[in-house]
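Visitor: Quick one: sequence plus predicted model below, questions after.
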Amino acid sequence: MKVKILTRNPDEYLRETKLDIHKVQRNYDPDLHPFEAAREYTRALNAVKLEKVFAKPFVGNLDGHRDGVSILAKHPKKLSTLISGAYDGEVRVWDLPRRMCLREFIAHDGIVRGIVYSPKGERFITVGDDKCIKTWNSIAPQFGEDEEPINTILSKTVLTGISHHLKKPIYATSGEICQLWEESRNEPIRTIEWGADSLHDISFNPVETNILSSCASDRSIILYDMREKLPLRKVIMKLRTNKLSWNPMEPFIFTCANEDYNLYTFDTRSLKHPTNVHVDHVAAVTYIDYAPTGKEFVSCSYDKSIRIFECAKGHSREIYHTKRMQRLTCVSWSLDNKYILSGSDEMNIRIWKARASEKLGPLKPRERAALRYSEALKEKFASHPQIKRIARHRQVPKHIYNAQGELRTIKMKLKRKEDNRRAHSKPGEVPFVPERRKHVVKEQQ
């Protein structure tokens, strides 16, 4: 025999945080809410204003180096560990939550050009101006013992960078030529070159792990395949590329930081022109690193600022700067997608929030729901002139503001000159060249 009873779920009429507060029941019939759009616009305006009020991106700094910071390296398995190298050859291992230096030692005579971890993080390899490749243990030595490398290799050529294969015990170095090394051998297993005087950066693809790329002194970007004897392709830019970073989610996309103040995103399937040009810096861009989501990347420049770009957009969504921060040399995005680390030539490593107004620490359920609602409203009214003006406004240093005005004047002058030439020439004699095709000289295969 079945007995039917009346039941009510408490989730339907009680709030999730306090069980003695009843929910407010609402009727969402649009006829009953004629001012819904106006009310939502006011809430979106307040939300975007509050975002500016709470935008405090600077978290802290790691102070201790006695010379400018040249390179940063993340641990592949631990979020709390960071390694930094300096211009005086010193290497430091940091504990990020406590902002403490765990180890410090002189690794090279001269500048530390590159630091990279092995895939599991049990060792890290450094290269420097003294032509040495040194392998170190990730575990600190016992008290009283000296810091000694596990292995030291003296290269025949100058070394400028290093990158490790994501799965195999193989790493690549750049310098006068591209060399592939195996961790168990003291001689390179392969040497690849393609007509460039020197290479100053090299990077393995994190997805298609057999592909790697390098930036050369002849203004070219060269793609290699470990399985091939010769390089694959080369694209020559108008000015030199300083750093290259692969998208961790899309194996055929990479972005390069250039001397002409811009960043260029390329698709390896077609290198005739970049898929996007990212502008806003007013000096040479020195370093770039992708977020682990692959949707954003961070860049640093000699204009003493850090900018965060969305991959599909040409202008930065955020700029970070301080009065004391000088020319930036390296930048890194943490693997938990929450923090950005930057190193500059005034001997300091700074920690920033990836989203300037994000609250650090746990969020209550209602607080999380309110933030989601605010984000949805800002996205809904993103094209509204007033909200767009507030959202995009940034206070920038005076030297950047003046340089932006000067660059704008130069671009307008060139555009006006080209328009005048086109107006006073035969039809088709002065063709219109899109912005994305202006910066690539040629592609070689």
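Guide: Received it, and whenever you're ready, just let me know what you need.
Visitor: Please make it C-alpha for all contacts and neighbour counts, starting now.
Guide: Noted.
Visitor: need the strands for the stretch 1-150 of the chain, in chain order.
Guide: Ranges of strands in the stretch 1-150 of the chain, per DSSP state E, counting those that start in this stretch, are 58-63, 69-74, 81-86, 90-95, 100-106, 112-117, 123-128, 132-137.
Visitor: how many degrees apart are the third one and strand 69-74 in direction?
Guide: So that's strand 81-86. Computed by axes from the mean of the first three to the mean of the last three CA atoms, to 10 degrees, the angle separating strand 81-86 from strand 69-74 equals 160 degrees.
Visitor: packing partners for strand 81-86?
Guide: Secondary-structure packing of strand 81-86 (3 or more CA pairs under 8 Å, 6 or more residues apart in numbering; DSSP states H and E): strand 69-74, strand 90-95, strand 112-117.
Visitor: Quick check: neighbours of that strand in the sheet, parallel or antiparallel?
Guide: Strand pairing for strand 81-86, using DSSP bridges, gives strand 69-74 (antiparallel), strand 90-95 (antiparallel).
Visitor: just for the chain, where's the confidence low?
Guide: In the predicted model, the chain carries pLDDT under 70 at residues 16-20.
Visitor: So which residue is dead centre in it?
Guide: D289 (2.6 Å; CA atoms, centre = their mean).
Visitor: That residue is in what secondary structure piece?
Guide: In the assignment (DSSP states H and E), D289 maps to strand 285-290.
Visitor: For T293, which of the strands of the stretch 1-150 of the chain is the nearest?
Guide: Proximity to T293, assessed across these by CA to CA, is greatest for strand 69-74 (16.0 Å).
Visitor: tell me the angle of that closest one relative to strand 123-128?
Guide: 160 degrees.
Visitor: of all the strands of the stretch 1-150 of the chain, which gets the most neighbours per residue?
Guide: Compared across those, strand 112-117 shows the largest average neighbour count, a mean of 25 (mean count of other CA atoms under 10 Å).
Visitor: Contacts for that one next, please.
Guide: Strand 112-117 is contacted by residues 70-76, 83-91, 123-129, 159-164 when judged by CA atoms under 8 Å, 6 or more residues apart in numbering.
Visitor: Okay, Y264 and N258: tell me how far apart.
Guide: The spacing between Y264 and N258, counted by CA to CA, to the nearest Å, is 8 Å.
Visitor: oh, I was asking about V441
Guide: With CA to CA as the criterion, V441 and N258 are 14 Å apart.
Visitor: So for those two, which sits in the more crowded spot?
Guide: Between V441 and N258, counting by other CA atoms under 10 Å, N258 is the more crowded of the two (24 against 15).
Visitor: So the more buried one sits against A283, correct?
Guide: No - in this structure, N258 is not within contact of A283 by CA atoms under 8 Å, at 9.6 Å.
Visitor: Contacts only, for the residue nearest to the centre of the chain.
Guide: 245, 297-299, 331-333.
Visitor: Only the buried subset of the residues you listed, as a PyMOL command please.
Guide: Buried subset of the contacts of D289, written as a PyMOL selection, criterion 16 or more other CA atoms under 10 Å:
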select buried, resi 245+297+298+299+331+332+333
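Visitor: Next step: the contacts of D289 restricted to helices.
Guide: Assigned to helices by DSSP state H, none of these qualify.
Visitor: what's the closest of the contacts of D289 to N210?
Guide: Distance to N210, by CA to CA, is smallest for S245 among the contacts of D289, at 15.3 Å.
Visitor: Surely that closest one is in contact with F254?
Guide: Yes - assessed by CA under 8 Å, S245 is found in contact with F254 at 5.7 Å.
Visitor: Turn the helices and strands packed on strand 81-86 into TSV, columns for distance to W136.
Guide: Output for the helices and strands packed on strand 81-86, formatted as TSV (distance: least, CA to CA, whole Å):
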stretch	distance to W136
strand 69-74	14
strand 90-95	11
strand 112-117	10
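Visitor: Out of those, which is closest to Q326?
Guide: When the helices and strands packed on strand 81-86 are compared by CA to CA, strand 69-74 sits nearest Q326, at 11.3 Å.
Visitor: who's in contact with the closest one?
Guide: The contact list for strand 69-74 (CA under 8 Å, 6+ apart) reads 81-87, 111-117, 329-332, 334, 343-349.
Visitor: how far does that strand sit from the chain's center?
Guide: The chain centroid and the centroid of strand 69-74 are separated by 13 Å, computed with CA atoms, centre = their mean, to the nearest Å.
Visitor: Compute the inter-axis angle for that strand and strand 112-117.
Guide: Interaxial angle of strand 69-74 relative to strand 112-117 (the same axes, to 10 degrees): 10 degrees.
Visitor: Could you number the chain from 769 rather than 1 from now on?
Guide: Will do, 769 is the new start, and the previous item becomes strand 837-842.
Visitor: Output strand 837-842 as CSV, restricted to C-alpha atoms.
Guide: What follows is strand 837-842, C-alpha atoms only, in CSV (Å, rounded to 0.1, in the frame of the first residue of the first chain):
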residue,chain,number,x,y,z
VAL,A,837,67.6,39.5,-12.4
SER,A,838,68.2,37.8,-15.8
ILE,A,839,66.0,34.7,-15.8
LEU,A,840,63.1,33.0,-13.9
ALA,A,841,62.1,29.3,-14.0
LYS,A,842,59.0,27.6,-12.6
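Visitor: still on that earlier bit, now, which of the contacts of D1057 lie within strands?
Guide: Among the contacts of D1057, the ones falling in strands (DSSP state E) are 1013, 1065-1067, 1099-1101.
Visitor: Would you mind putting those into JSON lines with distance to H968 alongside?
Guide: Shown next, in JSON lines, are the ones in strands among the contacts of D1057 (distance: CA to CA, whole Å):
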{"residue": "S1013", "distance to H968": "13"}
{"residue": "F1065", "distance to H968": "21"}
{"residue": "V1066", "distance to H968": "20"}
{"residue": "S1067", "distance to H968": "17"}
{"residue": "V1099", "distance to H968": "17"}
{"residue": "S1100", "distance to H968": "18"}
{"residue": "W1101", "distance to H968": "21"}
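Visitor: now, which of those sits nearest R958?
Guide: Distance to R958 across those (CA to CA) is lowest for S1013, with 22.8 Å.
Visitor: Quickly list what that closest one is bridged to.
Guide: T1023.
Visitor: contacting residues around it?
Guide: By CA under 8 Å, 6+ apart, the contact set of S1013 is 971, 1022-1024, 1056-1058.
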